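Visitor: need a structure here:
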Amino acid sequence: MTLLTESELEKVSTAIQAVEQKTDAELVTVLAARADNYSYIPTLWAAMLALLSPSVVSFLPFWVEMGDLMLIQLGVFILLATLLRWPPILARIIPRQVKTWRASNLARRQFLENNLHHTEAEVGVLIFVSEIEHYVEIIADRGVSQYIADAEWAEIIATMTKQVAAGKTLEGFLGCVEASGKLLETHLPASSTKDELPNHMVVI
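Guide: Now for the predicted structure:
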């Protein structure tokens, strides 16, 4: 996981300022380390595998008393519940659908919390990244979405997703801001000078 340094954050902020000089849209970038702590996932896996442990014990060449069997189950549960919380393992046992759902929910919360729905002409655009999920989403308010369909953002999102997955988060943001700027400049060229939302990246 490679959250950005202060100098890298400044580069993104500078790129946003350059884009907003050419379009009426307001860009906000959000970078999350993860969308959830997923603490319940290791617990569920540990509980399921602990329940299966008597089946494994039944293959042993000696008899195990009920009390000992319960201790084995408890030991298996505690061991796995601890081991599966190790980030490299945890990242692999979380179902993709769960990652996508949690990251998408967080993106929508950030859209509202950063007031992208409160710009005068409804031209807020959120570029959201959640690193551990390798999740990228661009959410545009109504003043933008009436001119730019979701399909037009798809290639930009796909390119940035690959860069985030490869650990190139800064390059991903800079490329995404630049590509988004060209798209926005085409459909929503600057008609006035304004800056309703902050240009610095929000890191959570």
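Visitor: can we go C-alpha only for contacts and neighbour counts from here?
Guide: OK.
Visitor: Nearest spatial neighbour of the residue nearest to the spatial centre of the chain, chain-adjacent residues omitted?
Guide: With distances taken as Cα atoms, centre = their mean, Ser130 lies nearest the centre of the chain, 2.0 Å away. Counting by Cα to Cα, 6 or more residues apart in numbering, Ser130 lies nearest to Ala32, which is 4.6 Å off, once chain neighbours are set aside.
Visitor: Starting from Glu122, give me the distance back to the one you found.
Guide: Ala32 is 24 Å from Glu122, where distance means Cα to Cα, to the nearest Å.
Visitor: Tell me who's in contact with the residue nearest to the centre of the chain.
Guide: By Cα atoms under 8 Å, 6 or more residues apart in numbering, Ser130 lies in contact with Leu31, Ala32, Ala33, Arg34, Ala35, Ala103, Val136.
Visitor: and the third one, what does it touch?
Guide: The reference is to Ala33. Counting by Cα under 8 Å, 6+ apart, Ala33 touches Met1, Leu3, Ser130, Glu131, Ile132, Val203, Ile204.
Visitor: do you know how far the second one is from Ile156?
Guide: With distances defined as Cα to Cα, the gap from Leu3 to Ile156 amounts to 21 Å.
Visitor: ok, the two, which is more surrounded?
Guide: Shown here are Leu3 and Ile156; by other Cα atoms under 10 Å, Ile156 has more neighbours (20 against 16).
Visitor: which ones are touching that one?
Guide: Contact analysis of Ile156 by Cα under 8 Å, 6+ apart lists Cys176, Ala179, Ser180.
Visitor: Would you double-check that it falls in a helix?
Guide: Yes: counting by DSSP: H, G, I helix; E, B strand; the rest coil, Ile156 falls inside a helix.
Visitor: can you offset everything so residue one is 45?
Guide: All set: I'll call the first residue 45, so the last point we hit is now Ile200.
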